[in-house]
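Student: Here is a sequence together with a model predicted from it:
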Number of protein chains: 4
Amino acid sequence: MVRNYSVRTDLALEERERFEADNVEVQGVVLEEEYDEERQIRVTRVEIRTENGAKAMGKPVGTYLTFETPDLALPDEDIHQDISKRLGGYVRELIRRNTGRSEKDLSVLVVGLGNRSVTPDALGPYVADHLNVTRHVIKEYGKYAMGRDHVNMVSAVVPGVMGQTGMESTEIVRGIVSETHPDLVIAVDALAARSSRRLNRTVQIADTGIHPGSGVGNHRSGLTEKTLGVPVIGIGVPTVVDAATIVNDTMENFIAALESSDSLKGVGNVLRSYSAGEKYEFVKELIAPHLNGMYVTPKDVDEMIHQISHTLAEALNMVFAGEA
Amino acid sequence: MVRNYSVRTDLALEERERFEADNVEVQGVVLEEEYDEERQIRVTRVEIRTENGAKAMGKPVGTYLTFETPDLALPDEDIHQDISKRLGGYVRELIRRNTGRSEKDLSVLVVGLGNRSVTPDALGPYVADHLNVTRHVIKEYGKYAMGRDHVNMVSAVVPGVMGQTGMESTEIVRGIVSETHPDLVIAVDALAARSSRRLNRTVQIADTGIHPGSGVGNHRSGLTEKTLGVPVIGIGVPTVVDAATIVNDTMENFIAALESSDSLKGVGNVLRSYSAGEKYEFVKELIAPHLNGMYVTPKDVDEMIHQISHTLAEALNMVFAGEA
Amino acid sequence: MVRNYSVRTDLALEERERFEADNVEVQGVVLEEEYDEERQIRVTRVEIRTENGAKAMGKPVGTYLTFETPDLALPDEDIHQDISKRLGGYVRELIRRNTGRSEKDLSVLVVGLGNRSVTPDALGPYVADHLNVTRHVIKEYGKYAMGRDHVNMVSAVVPGVMGQTGMESTEIVRGIVSETHPDLVIAVDALAARSSRRLNRTVQIADTGIHPGSGVGNHRSGLTEKTLGVPVIGIGVPTVVDAATIVNDTMENFIAALESSDSLKGVGNVLRSYSAGEKYEFVKELIAPHLNGMYVTPKDVDEMIHQISHTLAEALNMVFAGEA
Amino acid sequence: MVRNYSVRTDLALEERERFEADNVEVQGVVLEEEYDEERQIRVTRVEIRTENGAKAMGKPVGTYLTFETPDLALPDEDIHQDISKRLGGYVRELIRRNTGRSEKDLSVLVVGLGNRSVTPDALGPYVADHLNVTRHVIKEYGKYAMGRDHVNMVSAVVPGVMGQTGMESTEIVRGIVSETHPDLVIAVDALAARSSRRLNRTVQIADTGIHPGSGVGNHRSGLTEKTLGVPVIGIGVPTVVDAATIVNDTMENFIAALESSDSLKGVGNVLRSYSAGEKYEFVKELIAPHLNGMYVTPKDVDEMIHQISHTLAEALNMVFAGEA
């Protein structure tokens, strides 16, 4: 099966789809889907419940919510208000489940991962820019100073990328966590998707944090409860597809096309008679080495990143103000 | 020949290579190449001399200099000083040839094309940022105020992109030219290359200006002597490859691989027996529609754009100060 | 009268206040004021009707609306929606009066004056960034493509500052106007106020355009109906105060304090006995020469500029979509 | 003495000047000055040696080097290379003295304090942007990978400002220090000067770190050996003057002018007869409350910040590569 060569995806949903294509049930993995037809919003919940499931999926045990809508990149304030509220609700659900407490009493550190100066990787920093941080005010004047009943102690940091800091984000965040003692970390990152169809329209919220090798910038070590000592909720938005992935997809499509072609049936017959290994020989040659470190991104990525970072920041601001 | 499906390239050099592969002489097109082995600098000069040559190449009559070196993105100041000086020399050559005058007495408008907020398209605006403009000083105090013997009257503009201005760059620049009367326009733009191998290392200098459909942002109309009324020198640096191009390349490689494969000889035999048109049917299906408007770019594009824009601005500053 | 040494202000309102202090009626200048107590919004209308009035005020004949509210820099979306709508109404009023036509059929060029990379001067560019430009869509697909009944043909340009372009903004805009033929120009600029009390809370809308010497960047030539050939509405927001102004204000306060002081009555008596000219000798010495080119600006100027530029862009977007 | 009302300065040099004016020797404080006439470079060394000296100066015991030259903001690469080398030499001197070791074997964390989005406060972040960080490379491949004999383990962080992070810079940096164990911290910050004459031309290098209340952004807590556990070298460049300072200066000048005036001798006589306390009553009234949170900065602050941040980053890069 050619799909075995699959290039990495940061989306549990896409990982799950690999199996779907072959109609395979994955043990220890539960999939639920809701679709709001009027709003065109699809929410998929992938729960990886066992270590076996985790192994099969290549992702740790936990809950992965995927929120998809073509409206995500639409510049309409009312729609975004609605999306922010829904996203906020899912974040709150994962907070409650993972801390065993209401989000009301928690202090939260939001981490904006990524590189502010590379457009498709700037999502995390931009979300941090638009957050309402409160920790310094509450520490100085108490909760009453905020003039609202529900107010979380919120702090935010943009750790930068290793090429600029010489440090891994995990080191920086671990230091800050051990100094400021938040109850929870929420890490926001731009992701690489497998399919360009996901760009502009997908948000993944997971209670498993951020893992090594994920994100546009490919983190070397993870931000997880294990490395940070507090629960970590990861929020990711696919903004790029690895160039190698596009090439790989094309190959798969081409081989499938050959196999089912009427006019080139002969080719299909020959191909079908060869093993996956033999086919792999071709694919390997075609993924040109100079595609390493290259990604595919839409031309309007700047607008999209600004739009979506506002929506995500608003979702978090709502959760922390008790409005979502 | 599969190469007929070729996706557009802004580089005359790449256009010429299409023919090379088939060992075809193109009438009316002269190709010269120099290679400086020590510095690893290759300069290719494509001269399209006749309308027939222009038709074959899909590019207007004129001179296209392509400067290639792996050092272009290297952060070494001495090397860049040297590269700036060489690039400046080629710019001066094209200025002299196209204006019939020494560059000494000319007033020049530099146009930084592209979108400042999308990293791979920001090359033109960044070059404009680093230029030494002199027009306002000379108009106020005379040439002597500059304290140098050779000093051009230099102005610069960043017209923005149509999605932000509602106007074509050509309209904006034509208005400014008719108002400020420069002798020459130099337009700097980020280009789309056919091959990811060109990214980070190539500069094209041409005396034919900027043409409709070229550039990362795909200009709808051109900046040429015909539209502006003064000679236009275009300086372009490939910073992206269209995603569709990458897919197309893969297809070509795959078909070539199949045709020459030992282990899958059968497939190759079948494929060889089909016409170009039949093969094209496959390719068309594989260029997924959601790849439209997507491009491939290196992850370190931000650093590269900053580095190269400095080098280009320095080259122009040298020409205008009589130092190149 | 010490007030004669007054440093320049871009606000007609502040110019008028000079006279008010002395209870002087200025012939040919009509002043009207409305105050909405609930919303804390003060709108002042200065109409300079005669050349004599223009001379007295040091500003051309025309209408100057000043909109003041402490809420302008408040980060509250509902309030800003309301402010945008009101500002839009005033813009529409001046458009109708100056073009003699409904704003419905007009094509408009919005000019974002100022320097994008100096925070207090970036207001104009930021407003241009947030505008909904439509000209290119309407030219390609017609008005019906916009899906609304009322839609203006809107274009926008950020001409840059003379130190970066070598050209005056007037030259650039005049070129674009003569090429694209808008019916109206709206120029947005950051202003220098006389008093730091105006910063963060004032918008001036005038039908006299932008004048030489005004703006944070001190334009050398104006954007007016006379220089551009079409009516020009200027929208200005004070974001800085000249450092020399602050010093001058202090002097005036000090002299006034001396003159009315009980404890230092003797000094006051002596000062009162001297002429304005003699007093001026002191003032001159105190305005240190190294204060030239310096301005006073609030520390949170970045947030303020972002906030207000959104509100202004929204006001213009409402006018051009028939919603204000 | 009116000078008692003096507004805060971050420069030890300016603090020392207060006393100079009165020809006072400050016990426990040693002042040395060198002047390179050809290069127009003045280096002043203020050594505060005793707690009494510290009390008198309002600054902690330590060494404060002040480097002044009008060339600092000049856009000339050769001059800046020279300035970088000199500044690097002083940094190295303080490193050696405070660590008791050669800078060769040290691991260093550079902290870029300030707010990236407010131009005059962006110096620290910009310096961090231009640093050659090496820690991640050395940790992965060893020192030999760098291809040079002398190479420090360098990391860098831009902690952001409290209004954006909800945390004090000290908390963030202390966390990172306790996680990554550098031998030394170098903190770079934009400073407030007392006099606008210092802007654009002054660098202070001190081995006492950064102190509460200093910097353009007014840090609430310090970055010092006491708070971080490792020696801290502070590098500061004055980029603003508090607006209240400008006003205060004017007052002092005015009173001095009155006191020495021939034409207004009478006023001077009266003023001279009053106590400092009485004079202070005037001053207090004149420092308008809305000047709080306002600063004075040159109009070309953007260019200046870019220029100087490059020079400082280059100085540090030279030290860390053994070239200064």
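Tutor: Perfect, I can see it now.
Student: Which residue ranges of chain A form helices?
Tutor: Along chain A, the segments classed as helices by DSSP state H run A:12-21, A:51-57, A:77-99, A:123-129, A:135-141, A:162-165, A:169-180, A:225-228, A:243-260, A:265-272, A:276-286, A:301-320.
Student: Return the set of buried residues in the second one.
Tutor: Spelled out, it's helix A:51-57. Within helix A:51-57, the residues scored as buried using 16 or more other C-beta atoms under 10 Å in any protein chain shown are A:53-54, A:56-57. In this view, the C-beta of every residue, glycine as well, is placed from N, C-alpha and C.
Student: Show me which pair in these is furthest apart.
Tutor: A:54 and A:56 (7.4 Å; C-beta to C-beta).
Student: Can you check which residues contact both of those two?
Tutor: residue A:28 (C-beta atoms under 8 Å, 6 or more residues apart in numbering or on different chains).
Student: Hmm, residue A:66 is touching residue A:41, no?
Tutor: No: Residue A:66 is not in contact with residue A:41 according to C-beta atoms under 8 Å; the separation is 11.0 Å.
Student: Compare these two (neighbour count), which wins?
Tutor: residue A:66 (23 against 18; other C-beta atoms under 10 Å in any protein chain shown).
Student: Contacts only, for that one.
Tutor: Here residue A:66 is in contact with A:11-13, A:42-46, A:202-204 (criterion: C-beta under 8 Å, 6+ apart).
Student: Ok, residue A:173 next?
Tutor: A:109, A:111, A:157, A:159, A:185, A:187, A:223, A:228.
Student: ok, now with 7 Å
Tutor: Residue A:173 makes contacts with A:111, A:159, A:185, A:223, A:228, as judged by C-beta atoms under 7 Å, 6 or more residues apart in numbering or on different chains.
Student: Next one: the third one relative to residue A:93, how far apart?
Tutor: Here the criterion is C-beta to C-beta, to the nearest Å. By it, residue A:185 lies 17 Å from residue A:93.
Student: The fourth one now?
Tutor: As for residue A:223, its distance to residue A:93 is 20 Å (criterion: C-beta to C-beta).
Student: And the last one, by the same measure?
Tutor: Computed as C-beta to C-beta, the residue A:228 to residue A:93 distance reads 21 Å.
Student: which of these two has more neighbours?
Tutor: Per other C-beta under 10 Å, whichever of residue A:228 and residue A:93 has more neighbours is residue A:228, with 23 against 15.
Student: just checking, the more buried one touches residue A:177?
Tutor: Yes: with contact defined as C-beta atoms under 7 Å, residue A:228 reaches residue A:177; the gap is 5.2 Å.
Student: pLDDT at the residue in the stretch 101-250 of chain A that chain C sits nearest to, what is it?
Tutor: Residue of the stretch 101-250 of chain A nearest chain C, by C-beta to the nearest C-beta: residue A:132 (8.8 Å). On pLDDT, residue A:132 comes in at 93.
Student: Skip the chain neighbours and tell me the closest residue to it.
Tutor: Distances taken as C-beta to C-beta, 6 or more residues apart in numbering or on different chains place residue A:317 nearest to residue A:132, at 5.0 Å, with adjacent residues excluded.
Student: Report how many residues lie close to the one you found.
Tutor: Using other C-beta under 10 Å, residue A:317 has 18 other residues around it.
Student: same check, this time on residue A:208
Tutor: Residue A:208 - counted by other C-beta under 10 Å - has 23 other residues nearby.
Student: show me the contacts for residue A:183.
Tutor: A:99, A:106-108, A:230.
Student: Phi, psi for it please.
Tutor: For residue A:183, the backbone dihedrals (degrees, to the nearest 10) come out as phi -80, psi -20.
Student: could you measure it against chain D, distance?
Tutor: Residue A:183 sits at a distance of 14 Å from chain D (criterion: C-beta to the nearest C-beta, to the nearest Å).
Student: same deal with residue A:102?
Tutor: Note on residue A:102: its distance to chain D, by C-beta to the nearest C-beta, is 21 Å.
Student: Nearest residue to the middle of chain A?
Tutor: residue A:236 (2.6 Å; C-alpha atoms, centre = their mean).
Student: who's that one bridged to?
Tutor: residue A:189, residue A:204 (DSSP bridges).
Student: who are the neighbours in contact with it?
Tutor: So residue A:236 contacts A:10, A:189, A:191, A:204 (C-beta under 7 Å, 6+ apart).
Student: same thing but at 8 Å, please
Tutor: Per C-beta under 8 Å, 6+ apart, neighbours of residue A:236: A:10-11, A:188-191, A:203-204, A:206, A:210, A:214-215.
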